[in-house]
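got a predicted structure plus its sequence, pasted below:
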Amino acid sequence: MTQREIFFVANEVNELGGVGRWQTQMARLLAERGHRVRIIGVSPPEVAMDLGPNPPFETLTLYDRRPPGRHPRHALVDRWDPALRRQEADRRAAAERLSRVFRAARSGAVIIVTQVWAMEWVALADTAGHPVIGMSHESFDASRRSSRFERVRTYYKDVDRLLVLTQEDADLWVGAGLNNVGFMPNPLPVTPGSPSPRTEKVVASIGRLSHAKGVDLLLDVWAEAAPLQPGWILRVYGAGDHEAVLRQQCTELGLDDSVEWAGQTDDVTGALRRSSVFVQSSRGEGFPLVLLEAMACGVPCAAFDCSPGVREIVTDGEDGLLARHGNTSELARHLVRLMADENLRDTMGERARQNVRRFAPDVITRRWEELFDFLER
């Protein structure tokens, strides 16, 4: 195995959220295999994730504060605007700092750009002949509904490889005109020693209390399911700006006795092992880590089929149950099935625990190393 210098270039070094968790895990996995790993962030995080004591990788942040976005120029006079000229000078100075880091790297180094905003700086830098891998951590459809769609097509069209999360998403990007696309699933974040006993009458939800995560839809789901299975609790882990509105909705639906607001947790495995069913009601996802974690804990999942990543992880009817995107009544029926049938929970939970091993960290890390070797040829 060739030991390499590997650069992750991201919006932030230790961003709180799924991309940040993935990046930190991959940096650790590659460092543990003898690679020299550095994470470079464009700006400091608004809310930082704890990297733990003595992380096995180096970090660098280009700016002391978040730089403004680049705005299209509509008139010739804009180029003489002193503020815009300072911003552009700062951007080029940050890109030159990146260039110096890349030029100092030895042959065989690889640059992984984990988010397209960060690619705006890498595109200005001298990558010194090192392969550049660009990444999109969301589904094609989610990207198409945002400003990131055109930025991906602009900034990633000339990288050595654009990686998305599933083959289905890769095919869609090829159809959108990119010919350098591959896919790489996320690795399993945890490998618990023992599964949930699935004896608690608890359905768990874990995620930000935001519009994207669809907790409002989940409360509608629970309003249908809970009366059919008395004694069960919906335990909602998470925090966010929508919490007050969601709590009010919960009260208006008469669910206060069967919904527990557990707040944000750093112990996802512990939360899952204290539950018997996991539910995800997101309006959109990439390759949700918490589904992997639930399956690794032997907890059967009921979820909206909201993206290729979800159906790549969960095999409907075998190791979990998928409802049509946004169909709250169908998701409620799936929850009732799992709550009512202990044998079904145990069967699906054990299958989930076995099936999710195809995303084991060593499996995914080897796939990354094989890609590095291929791009070096």
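Ah, there it is.

give me the helices and strands touching the helix or strand in which residue 249 is found, please.
Assigning secondary structure by DSSP states H and E places residue 249 in helix 243-252. Counting contacts by 3 or more Cβ pairs under 8 Å, 6 or more residues apart in numbering; DSSP states H and E, helix 243-252 is packed against helix 215-225, strand 259-263. Bear in mind the C-beta positions are built from the backbone N, C-alpha and C, glycine included.

report the buried residues of the first one.
The one in question is helix 215-225. 215-223, 225 (16 or more other Cβ atoms under 10 Å).

before we move on, back to that, of all the helices and strands packed on helix 243-252, which one is nearest residue 249?
With Cβ to Cβ, the closest approach to residue 249 among these belongs to helix 215-225: 5.4 Å.

any idea which helix or strand comes after the closest one?
strand 233-237.

that following strand: partners in the sheet, and parallel or antiparallel?
strand 202-206 (parallel), strand 259-263 (parallel) (DSSP bridges).

hey, C-alpha coordinates of it in CSV?
The C-alpha coordinates for strand 233-237 follow below in CSV (Å, rounded to 0.1, in the frame of the first residue of the first chain):
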residue,chain,number,x,y,z
ILE,A,233,-43.1,6.7,23.3
LEU,A,234,-41.7,8.7,20.4
ARG,A,235,-38.4,10.0,21.7
VAL,A,236,-37.1,12.9,19.6
TYR,A,237,-33.3,13.7,19.8
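
for residue 172, see how far away the nearest residue to residue 298 once chain neighbours are set aside is.
Among residues not flanking residue 298 along the chain, residue 195 sits closest, at 2.9 Å (Cβ to Cβ, 6 or more residues apart in numbering). Distance, residue 195 to residue 172, using Cβ to Cβ, to the nearest Å: 35 Å.

same question, residue 271
On the measure of Cβ to Cβ, residue 271 and residue 172 end up 34 Å apart.

of these two, who's got more company?
residue 271 (24 against 19; other Cβ atoms under 10 Å).

so what pLDDT did the more buried one get?
Looking at residue 271, its pLDDT is 96.

same question for the one 10 residues further on.
Residue 281 is assigned a pLDDT of 97 by the prediction.

next, it: phi, psi?
Per-residue torsions, residue 281: phi -120, psi 30 (degrees, to the nearest 10).

for it, give me its contacts.
Residue 281 sits next to 205, 213-215, 217-218, 221, 303-304, 331 when contact means Cβ atoms under 8 Å, 6 or more residues apart in numbering.

what do you get if the cut-off is 7 Å, keeping everything else the same?
When contacts are counted by Cβ atoms under 7 Å, 6 or more residues apart in numbering, residue 281 touches 214-215, 217-218, 221, 304, 331.
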